[in-house]
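> Have a look; sequence and predicted model below, questions after that.
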Amino acid sequence: MAMVRILMSLATIALVLGSAVAANHTVGAPNGGWDQSADLKTWAASETFVVGDSLIFAYTPNHDVLEVTKADYDSCQTTNAISTNGGGMTVIPLSSSGKRYFICGTGGHCASGMKLEVNTLATVPPPTSAPAKSPASSSSPKSSAPTPKIAPKISPVSSPKNAPKISPATSPDASSPSPITVEAPSVPPNNDSVPTSSQPSSADKISVVASSTMGFGVVVMMLFFM
């Protein structure tokens, strides 16, 4: 008796967990249903179907639900349906992974867009996390320093080969005037250093006259004695 209660408790827990994990997808909801006005392709792209989920088709009596192959889905062929369902409410359990195809069997409805392609996944895909931003990039914007412009290289001006060389001593200085030479006044020489004039003095003149007189006298005496 205790074993039966344990088994019943485990079954109840399994049912609760199964109902919590599984999801029911009402086709076309919330903006439509299984009819010609609903955009069923966009609705299917917005849903995630996993094994264990169920599809709920709610429709009026002039519609039905046919599960078909991929070829019949593309050509809207209704004669070779895998299953046919009617009555206004149809629940299709998604018990295996893969793609399944459903159309409405009423003439012209499939061609007008009343068809559904469902891709069932084996497990729920992990949520995609946004890439984490580094604190440096999120707190302060990157400022790119301006690239310095490369200055053009300027070659030094080469001096002409035949340019005359100017000595610093002989080169004129345009900024300063030439010095003016001033001659100092002449100073009369000292008596010691002045040479004696060649003009004879009065004593010399007397000596010459005396000598001449004596010579004349000697001549006269010689003539007298002769």
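Yep, it's here.
> Lowest mean pLDDT among the helices and strands of the protein, which one is it?
helix 2-21 (a mean of 46; mean pLDDT, DSSP states H and E).
> average pLDDT across the helix or strand following that helix?
As assigned by DSSP states H and E, the chain's next helix or strand after helix 2-21 is strand 24-26. What strand 24-26 shows for mean pLDDT is 97.
> ditto for stretch 103-121
On average, stretch 103-121 scores 96.
> can you check stretch 66-75 too?
97.
> in it, what counts as buried?
66, 67, 68, 72, 73 (16 or more other Cβ atoms under 10 Å). For the C-beta atoms, the positions are set from N, CA and C on the backbone; glycine is no exception.
> so what's the second one up against?
Read it as residue 67. 81, 82, 83, 92, 100, 101, 102 (Cβ atoms under 8 Å, 6 or more residues apart in numbering).
> which SSE is the fifth one in?
It stands for residue 100. strand 98-103.
> tell me which residues in that strand are buried?
By 16+ other Cβ under 10 Å, the buried positions in strand 98-103 come out as 100, 101, 102, 103.
> Can you add distance to residue 47 and give those back as JSON lines?
Formatted as JSON lines, these follow (distance: Cβ to Cβ, whole Å):
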{"residue": "100", "distance to residue 47": "13"}
{"residue": "101", "distance to residue 47": "16"}
{"residue": "102", "distance to residue 47": "14"}
{"residue": "103", "distance to residue 47": "18"}
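> Determine which two of the residues you listed are furthest apart.
100 and 103 (11.3 Å; Cβ to Cβ).
> quick one: low-confidence ranges for this protein?
Scanning the chain for pLDDT under 70 picks out the ranges 1-21, 129-220, 222-226.
> Could you rerun that using 80?
Applying pLDDT under 80 to the chain flags the ranges 1-21, 125, 127-226.
> Let me know the closest of the contacts of residue 67 to residue 26.
residue 92 (11.7 Å).
> Give me the three-state assignment for the closest one.
Here residue 92 is recorded as strand under DSSP: H, G, I helix; E, B strand; the rest coil.
> got the contact list for it?
54, 55, 57, 65, 67, 85, 100, 102.
> now, among those residues, which is nearest to residue 111?
Nearest to residue 111 among these: residue 102, at 14.8 Å, using Cβ to Cβ.
> Residue 44 should be in a helix, yeah?
Yes. Secondary structure of residue 44, determined by three-state DSSP: located in a helix.
> Spit out the contact partners of the nearest residue in space to residue 77 that is not next to it in sequence.
Nearest residue to residue 77, sequence neighbours excluded (Cβ to Cβ, 6 or more residues apart in numbering): residue 68, at 6.8 Å. By Cβ under 8 Å, 6+ apart, the residues touching residue 68 are 77, 78, 80, 81, 82, 101, 102, 103.
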